[in-house]
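Engineer: generate a structure from the sequence data that follows.
(2 chains)
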2 protein chains.
Amino acid sequence: MSTEPYLLTPGPLSISMRTKQAMLRDWGSWDVDFNSITGRIRERLLAIVHGAATHECVPLQGSGTFSVEAALGTLVPRAHGHVLVPQNGAYCQRIARICRYLGRKVTTIDYAEDAAVKAADVERALAQDPSITHVALVHCETSAGILNPLDEVAQVVARHERRLIVDAMSSFGALEIDARRTPFDALVAASGKCLEGPPGMGFVIVRRSALERSEGNGHSLALDLYDQWVYMQKTTQWRYTPPTHVVAAFDCAIAQFLEEGGQAARGARYARNCRTLIDGMSALGLRSFLPASIQAPIIVTFHAPDDPHYQFKSFYNAVKALGYVLYPGKLTTLETFRVGCMGQLGERGIGGAIEAVGQVLAQMRAAA
Amino acid sequence: MSTEPYLLTPGPLSISMRTKQAMLRDWGSWDVDFNSITGRIRERLLAIVHGAATHECVPLQGSGTFSVEAALGTLVPRAHGHVLVPQNGAYCQRIARICRYLGRKVTTIDYAEDAAVKAADVERALAQDPSITHVALVHCETSAGILNPLDEVAQVVARHERRLIVDAMSSFGALEIDARRTPFDALVAASGKCLEGPPGMGFVIVRRSALERSEGNGHSLALDLYDQWVYMQKTTQWRYTPPTHVVAAFDCAIAQFLEEGGQAARGARYARNCRTLIDGMSALGLRSFLPASIQAPIIVTFHAPDDPHYQFKSFYNAVKALGYVLYPGKLTTLETFRVGCMGQLGERGIGGAIEAVGQVLAQMRAAA
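Structural biologist: Numbers count the residues shown, from 1 in each chain, chains lettered A, B, ... in the order given. The predicted model follows:
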């Protein structure tokens, strides 16, 4: 176990041993001891985005995508719903695909893979098409690592009296989101990202009034957030078997998040990691793909080394043998790879990963 | 942690420390080390029901209900699908409710809470209504604890050339199911039941030919088994972030299941637990609800003690204080409680639970 590599990925991450040890106990899902954990998690997640006065936190079993689909299916009206998706990566595309599965009308604004969404484009689209009821924005598009301008888009959507659904999967807990200032109907994230829990559950921060209006709209029983919420309010329990070990570990991870200093401290740590990473890789001759102005401090895309012998797979395996798991690129035309800035990276931190990459590059050159 | 109570519930169960310790490691969901675990689980689950020649195992994130809905949504045609549900408990009702959510026509055959499904009734319904395309059967209905006659129903369904979807949530691994003899298109179960893993993922054993025909039928992207299967075949990975710790622990639980002697040994242990439980409780004056002929060796419903001072909540709390978590009854009119026969119950086994119940009953009488 001591040779377990660190995960420099968009998730699952390397999480603390204390968090993992919280999984060494079994919980009855009907029992009050477990349900008080669920209650505490819901309350704390809501507090992270200052949503207690206006929103509800509805947790859901499954990966983050299950919660994204649940938010869309529960909140976008079956009959006349029309979702605008500003699209600059795979997670935006997934939202559009979900809308098509669900028979919800969808329109996209397409961007290049290295361009952030522009609030002005959203504004123009909303002005031109009054049939658009919702905008679905990915806050941090980890396909390339772009930070999209959540607050600006939210203000535009509110001004046009439309509703906003945010995929905040890779930003929740690390980047500031304040429901008192940034209007949204739903904000979706998951246990296994910046809050550094194990993967296995998602959650949606939903505007209470929107949730109340959504009865009977869901396309799926399992993914019906209204039904999940009503049952949870009545019983304090999850409707269907929760991933009890994951829930208990997530609770423990949130406690550590608060001990660290909450969102400000978590965000600062990731930002430091991101700067150290980009600087260190640059010193090794590896260029990051995005302009600094739109680089989120979550995951960084690098151009593949300019070496005719480079192959991602052998590069990946060599770095992994030194204790660090990288992530493949997701760009359509360019050869790239990605390195995450999140998670518990041990004593040597992100510096250890940079060193490992440097060693492998040197080996590659020596072998050439 | 030493005071952690044993869970005598329909799941989550008490699982072994070895299984839980398998969650003390982080896995990259893109990495080959993890994906070989997924592959092994799929293969072994298929082997448990002898389905390798005809079926595929498609795992899915979420609770068992997510997989039940996924099977219905993926396999029952949107246009002319019509599901017959023989109904004798809450899990049957849930299937009917899912069909209504999904806009799939559903017809039920309603039984009393203490009656098993009869294959002859299914036969009559199929003969009378040729528009029925699928039968959805709950193998072990844990609402009361009834064992429904899977094989007989499967033969009838096959003879009438309809298709069978089985909720085998609480039987898979403990009761014999053989895909070579018992025809079904889908059999659904989950990690946290008789295989004694942690909750957090389900799986569907699907007939390959049915799965191949199901492209484009799904009502939900997250719950589309066809899409999950195709992606997994191509990449060996899950489509969306898997609950890595749960998956690794489930793999470890399956290894222990095989070491114990597989389904025959697991089923025999639960049957012994069930007999000991019913006998022991009977000696305490507590009557089980079902006739022995239809009692599944999974969970037993008992009539509440015939004592004017009995209240489930205080009874539950008192037994819990002695180290055993019971489960409430789920019958509509009778006052009952339930006790599970599954899981790792420690050195004293189910006998310890009977003793605890006896002690609490004695206290109740003394206090009266």
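Engineer: break chain A down into its domains, please.
Structural biologist: Using automatic domain parsing, the domains assigned to chain A come out as A:6-11+A:263-367, A:17-259.
Engineer: mind checking how far the longest one is from the chain centre?
Structural biologist: Just to be clear, that refers to domain A:17-259. When distances are taken as C-alpha atoms, centre = their mean, to the nearest Å, domain A:17-259 is centred 9 Å away from the chain's centroid.
Engineer: OK, contacts around the residue lying closest to A:Gly202 once chain neighbours are set aside?
Structural biologist: Of all residues beyond its chain neighbours, the one nearest A:Gly202 is A:Ser67 (3.0 Å), with distances taken as C-beta to C-beta, 6 or more residues apart in numbering or on different chains. C-betas here are computed from N, CA, C, even on glycine. With contact taken as C-beta atoms under 8 Å, 6 or more residues apart in numbering or on different chains, A:Ser67 is in contact with A:60, A:188-190, A:202-204.
Engineer: same thing but at 10 Å, please
Structural biologist: A:Ser67 makes contacts with A:58-61, A:167, A:169, A:186, A:188-190, A:201-204, A:223, A:225, B:222, as judged by C-beta atoms under 10 Å, 6 or more residues apart in numbering or on different chains.
Engineer: before we move on, what about A:Met201?
Structural biologist: Contact partners of A:Met201, counting by C-beta under 10 Å, 6+ apart, are A:41, A:59-64, A:66-67, A:190-192, A:238, A:242-243, A:246-247, A:250, B:61-62, B:200, B:243.
Engineer: same question, A:Ser293
Structural biologist: Neighbouring residues of A:Ser293 by C-beta under 10 Å, 6+ apart: A:116, A:147.
Engineer: confidence score at it?
Structural biologist: In the prediction, the pLDDT value recorded for A:Ser293 is 97.
Engineer: for chain B, see how far away it is.
Structural biologist: Distance of A:Ser293 to chain B, given as C-beta to the nearest C-beta, to the nearest Å: 29 Å.
Engineer: can you tell me the SS state at that residue?
Structural biologist: Secondary structure of A:Ser293, reduced to three states by DSSP: H, G, I helix; E, B strand; the rest coil: helix.
Engineer: hang on, the earlier thing: and the residue nearest to A:Gly202, what element?
Structural biologist: Element membership for A:Ser67, per DSSP states H and E: helix A:64-75.
Engineer: and that helix with helix B:64-75, angle?
Structural biologist: Helix A:64-75 and helix B:64-75 meet at an angle of 70 degrees, taking axes from the mean of the first three to the mean of the last three C-alpha atoms, to 10 degrees as the criterion.
Engineer: what pairs with the helix or strand following helix A:64-75, and is each one parallel or antiparallel?
Structural biologist: Once helix A:64-75 ends, the next helix or strand along the chain (criterion: DSSP H and E) is strand A:82-87. Strand partners for strand A:82-87, identified by DSSP bridges, are recorded as strand A:105-110 (parallel), strand A:134-138 (parallel).
Engineer: pick the most deeply packed of the ones you listed.
Structural biologist: Of all those, strand A:134-138 carries the top mean neighbour count, a mean of 27, counting by mean count of other C-beta atoms under 10 Å in any protein chain shown.
Engineer: following that strand, which helix or strand comes up?
Structural biologist: Past strand A:134-138, heading to the C-terminal end, the next element that is a helix or strand (DSSP H and E) is strand A:140-141.
Engineer: show me what that next one is packed up against.
Structural biologist: Counting contacts by 3 or more C-beta pairs under 10 Å, 6 or more residues apart in numbering or on different chains; DSSP states H and E, strand A:140-141 packs against helix A:90-101, strand A:146-147.
Engineer: tell me which of those sits nearest to B:Leu72.
Structural biologist: For the helices and strands packed on strand A:140-141, proximity to B:Leu72 was assessed by C-beta to C-beta; helix A:90-101 is nearest, at 15.3 Å.
Engineer: what packs against the closest one?
Structural biologist: For helix A:90-101, the helices and strands in contact under the criterion 3+ C-beta pairs under 10 Å, 6+ apart are helix A:64-75, strand A:82-87, strand A:105-110, strand A:134-138, strand A:140-141, strand A:163-167.
Engineer: isn't A:Gly39 up against A:Val247?
Structural biologist: No: counting by C-beta atoms under 10 Å, A:Gly39 sits too far from A:Val247 to count as a contact (11.1 Å).
Engineer: compare those two (neighbour count), which wins?
Structural biologist: When A:Gly39 is set against A:Val247 and neighbours are counted by other C-beta atoms under 10 Å in any protein chain shown, the residue ahead is A:Val247, at 28 against 13.
Engineer: quick check: angle from the host helix or strand of the more buried one to helix B:244-260?
Structural biologist: With elements delineated by DSSP H and E, A:Val247 resides in helix A:244-260, which encompasses its position. For helix A:244-260 against helix B:244-260, the angle between stretch directions is 140 degrees (the same axes, to 10 degrees).
Engineer: which strands and helices sit next to helix A:244-260?
Structural biologist: helix A:17-21, helix A:32-48, strand A:55-61, strand A:201-207, helix A:262-283, helix B:244-260.
Engineer: give the buried residues for the strand or helix carrying A:Val319.
Structural biologist: Element membership for A:Val319 (DSSP H and E) is helix A:312-321. Within helix A:312-321, the residues scored as buried using 16 or more other C-beta atoms under 10 Å in any protein chain shown are A:315-316, A:318-320.
Engineer: and the stretch 151-300 of chain A, which of its residues are near chain B?
Structural biologist: Proximity of the stretch 151-300 of chain A to chain B, by C-beta under 10 Å from any C-beta of the partner chain, involves residues A:169, A:190-193, A:197-202, A:216, A:218-224, A:227, A:238-247, A:249.
Engineer: which members of these are positioned in strands?
Structural biologist: The strands in this structure, assigned by DSSP state E, contain A:190, A:201-202 from those.
Engineer: go through the residues you listed and name the one nearest B:Thr3.
Structural biologist: When those are compared for distance to B:Thr3 (C-beta to C-beta), A:Met201 wins out at 26.3 Å.
Engineer: quick check: that closest one vs B:Ile278, distance?
Structural biologist: Shown here: A:Met201 relative to B:Ile278, a distance of 36 Å by C-beta to C-beta, to the nearest Å.
Engineer: try A:Leu361
Structural biologist: A:Leu361 sits at a distance of 68 Å from B:Ile278 (criterion: C-beta to C-beta).
Engineer: my guess is A:Ala158 contacts A:Arg207, does it?
Structural biologist: No: the pair A:Ala158 and A:Arg207 fails to qualify as a contact (C-beta under 10 Å) at a distance of 11.5 Å.
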